[in-house]
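**Student:** generate coordinates for the sequence data below:
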Amino acid sequence: MSNDWKPRTKAIHMGTRRSQYNELSEAMFMTQGFVYETAEQAEGRFQSLGDDEFIYARYGNPTVRMFEDRIAGMLGYEDCFACTSGMAAVSGALTALLKAGDHVVAARALFGSCLYVLEDILARFGVEITLVDGTDNAAWDAAIRPDTRLVFFESISNPTLEIVDMRHVVAKAHSVGALVLADDAMATPVYSYARACGADIAIISTTKHVDGQGRLLGGAICGTKELIRGPIEAYMKHTGGAMNPFTAWTHLKALETIDLRVRAQSDAALKLANALDGHPRLHAVRYPTHPSHPQHDLALAQAPSGGTVFAIEVKGGKEACFKFLNALQLVTISNNFADAKSIATHPATTTHQRLPQEQKDILGITDGMVRMSAGLEDVDDLIADIKQALEQSA
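**Tutor:** Numbers count the residues shown, from 1 in each chain. Okay, here's the model as predicted:
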C-alpha cells in the first residue's frame with residue numbers, strides 16, 4: 001500500500017516501526033549498541049543483517065532506519081543512507097563510488113565545499129575532474145567521455161540559481177554507463193525531480209528543508225538498494241558518517257510538516273520575487289520559475305516551483321549591499337537557508353568568499369548579490385521590510 005501513497009503521506013507514515021508498547025509518536029532508540037539472546041545470534045548478525053536487525057549505531061539504528069525509509073519514499077528512491085551532514089553525504093557518496101583513474105564531469109556552479117572535495121581531495125587521489133557550464137548542454141556533451149565514471153551537479157545551483165537540463169545530462173551520462181549524482185538541496189525534498197529525470201542518486205542536506213528550524217545538521221544519500229546498501233553503506237559505516245538517532249527522531253517529527261512548510265515558503269519566494277521585480281534599487285531579481293529567469297521555461301518543465309530561495313542584485317556593490325543587510329529589521333542575516341525564519345546571505349563575503357575572484361566572476365557571484373531564503377512570516381511583512389531596507393542602501 002505504501003508504494004501507492006503520495007509523497008506527503010509517505011513523509012508522515014513511511015517505514016514506521018513500533019516497539020512492543022505501540023507508541024503513536026516514533027520511538028527514539030538512543031543506543032549505540034544492541035543485545036543478542038545467544039552467541040549464535042550475534043555471530044549470525046555479523047555475517048548477514050536482515051532489514052530489521054541492528055548491531056551498532058554506526059551501522060544502523062531503528063530510528064535512523066525509519067527516517068531513511070521516509071526520505072527515500074518521498075524522493076521516489078529504493079533506499080537511503082542518512083548522514084551527519086549534507087557535506088558528509090556529498091563526500092561520502094563521491095568517495096564511495098570513485099577510485100584513482102576515474103573521470104568525473106561536474107557543473108562548475110557548485111557549493112564551495114563540494115568544489116573542495118572534487119578539486120582538492122579527490123583530484124589529490126588520482127580522480128580526473130572536468131568542470132563545465134551546467135547550463136550548456138553542448139558543454140556536457142563534449143565533456144562526457146566513454147570512460148566517464150560519474151556526473152555531478154546541483155539541480156538548482158547555490159547561490160546563482162542556475163538550472164541544469166537534467167533529462168539531457170542524464171541521458172548523455174547513461175549512454176556511456178556513467179552514474180549521475182544530483183545535489184537536490186535547493187530543489188527541496190517536496191519538489192525534488194531528480195528521480196523523475198533519471199538521476200541515479202539524489203543527495204540532500206537535511207539541515208535545510210527537512211529540519212527547517214535551524215537546529216540540527218544532517219544529510220541523506222538516496223538511490224537504488226544496490227548502491228546504497230553496497231558501496232555507499234560500506235564506506236559510510238566504516239568511516240563514521242552515520243546520522244545519530246536524536247537527529248533522525250527530530251527529523252522524523254519535522255517531516256510531518258515539511259510539505260506544508262515548503263509549499264508556503266516557495267509561494268512566498270515567488271511573491272517576493274514578483275514584488276521586487278523592477279525595483280529601482282535592484283539590477284535584477286532571480287528566481288527559477290519567475291518569467292525574468294533566463295531558464296524559466298526549463299525550470300517549469302522540470303518542477304512546479306523554484307523552491308524557497310531567490311536572489312537579488314543590489315545596485316552599488318558591496319557597500320550598498322551591506323547597507324541593505326544592516327537595515328533589515330525582520331529578515332535575519334545568516335549563512336543558512338530553508339529556515340522558518342527568512343534569511344539574507346551575502347555569498348561573496350561568506351559562503352563563497354574563498355573562491356578566487358575569477359571563479360566568482362564566471363559564476364556570477366557579484367558583490368551586489370544577496371541570496372534570500374523565504375521563511376514562514378507573513379509575506380506582506382517581508383515585502384515591507386525588504387523594501388525599506390533597499391531604500392536605505394543608496
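
**Student:** ok, residue 118 touching residue 125?
**Tutor:** No. At 11.2 Å, residue 118 does not count as touching residue 125 under the criterion of CB atoms under 8 Å. C-beta: built from backbone N, CA, C; applies to glycine.

**Student:** out of these two, which sits in the more crowded spot?
**Tutor:** residue 118 (22 against 12; other CB atoms under 10 Å).

**Student:** ok, residue 222 - contacts?
**Tutor:** 71-72, 75, 77, 79-80, 195, 201-204, 228 (CB atoms under 8 Å, 6 or more residues apart in numbering).

**Student:** residue 169 now?
**Tutor:** 137, 140, 151, 153, 180.

**Student:** what about the stretch 101-250 of the chain, any weak spots by pLDDT?
**Tutor:** The model of the stretch 101-250 of the chain has no residue with pLDDT under 70.

**Student:** and the helices in it?
**Tutor:** 112-116, 137-143, 166-175, 225-227, 233-239, 245-255 (DSSP state H, counting those that start in this stretch).

**Student:** now do residue 280 against residue 261, distance only.
**Tutor:** Counting by CB to CB, to the nearest Å, the separation of residue 280 from residue 261 is 33 Å.

**Student:** please disregard the earlier target; I meant residue 91.
**Tutor:** Relative to residue 261, and taking CB to CB, residue 91 is found at 28 Å.

**Student:** next one: residue 190
**Tutor:** Taking CB to CB, one finds residue 190 at 9 Å from residue 261.

**Student:** count of neighbours near the closest residue to residue 117 other than its chain neighbours?
**Tutor:** Distances taken as CB to CB, 6 or more residues apart in numbering place residue 91 nearest to residue 117, at 4.9 Å, with adjacent residues excluded. Using other CB under 10 Å, residue 91 has 23 neighbouring residues.

**Student:** circling back to that earlier point, can I get the helices of the stretch 101-250 of the chain in TSV including distance to residue 103?
**Tutor:** Formatted as TSV, the helices of the stretch 101-250 of the chain follow (distance: least, CB to CB, whole Å):
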stretch	distance to residue 103
helix 112-116	17
helix 137-143	9
helix 166-175	11
helix 225-227	19
helix 233-239	20
helix 245-255	35
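
**Student:** of those helices, which approaches residue 394 most closely?
**Tutor:** helix 112-116 (30.8 Å; CB to CB).

**Student:** send the alpha carbons of that closest one over as CSV?
**Tutor:** C-alpha atoms of helix 112-116 as CSV (Å, rounded to 0.1, in the frame of the first residue of the first chain):
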residue,chain,number,x,y,z
GLY,A,112,32.4,25.8,-2.3
SER,A,113,32.8,22.7,-0.1
CYS,A,114,31.7,20.5,-3.0
LEU,A,115,34.4,22.0,-5.2
TYR,A,116,36.9,21.4,-2.4
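
**Student:** buried set for that helix?
**Tutor:** Residues of helix 112-116 classed as buried: 112, 114-115 (neighbour count, 16 or more other CB atoms under 10 Å).

**Student:** which of the residues you listed lies closest to residue 295?
**Tutor:** residue 114 (20.6 Å).

**Student:** so that closest one makes contact with residue 93?
**Tutor:** No. Assessed by CB under 8 Å, residue 114 is found out of contact with residue 93, at 11.0 Å.

**Student:** can you list contacts of stretch 145-154?
**Tutor:** 94, 97-98, 102-107, 109-111, 114, 118, 134, 140, 144, 164, 169-170, 173, 176, 178-186.

**Student:** taking those one by one, which sit in strands?
**Tutor:** 103-107, 179-183 (DSSP state E).

**Student:** give me the buried entries from those residues.
**Tutor:** 103-107, 179-183.

**Student:** among those residues, which one sits closest to residue 56?
**Tutor:** residue 181 (27.3 Å).

**Student:** thought the closest one was touching residue 201?
**Tutor:** Yes. The pair residue 181 and residue 201 qualifies as a contact (CB under 8 Å) at a distance of 4.7 Å.

**Student:** which non-adjacent residue is nearest the residue most central in space within the chain?
**Tutor:** Centroid-nearest residue in the chain: residue 185, 1.9 Å away (criterion: CA atoms, centre = their mean). Counting by CB to CB, 6+ apart, residue 185 lies nearest to residue 205, which is 4.6 Å off, once chain neighbours are set aside.

**Student:** bridged to that neighbour, which residues?
**Tutor:** Per DSSP bridges, the residues bridged to residue 205 are residue 219.
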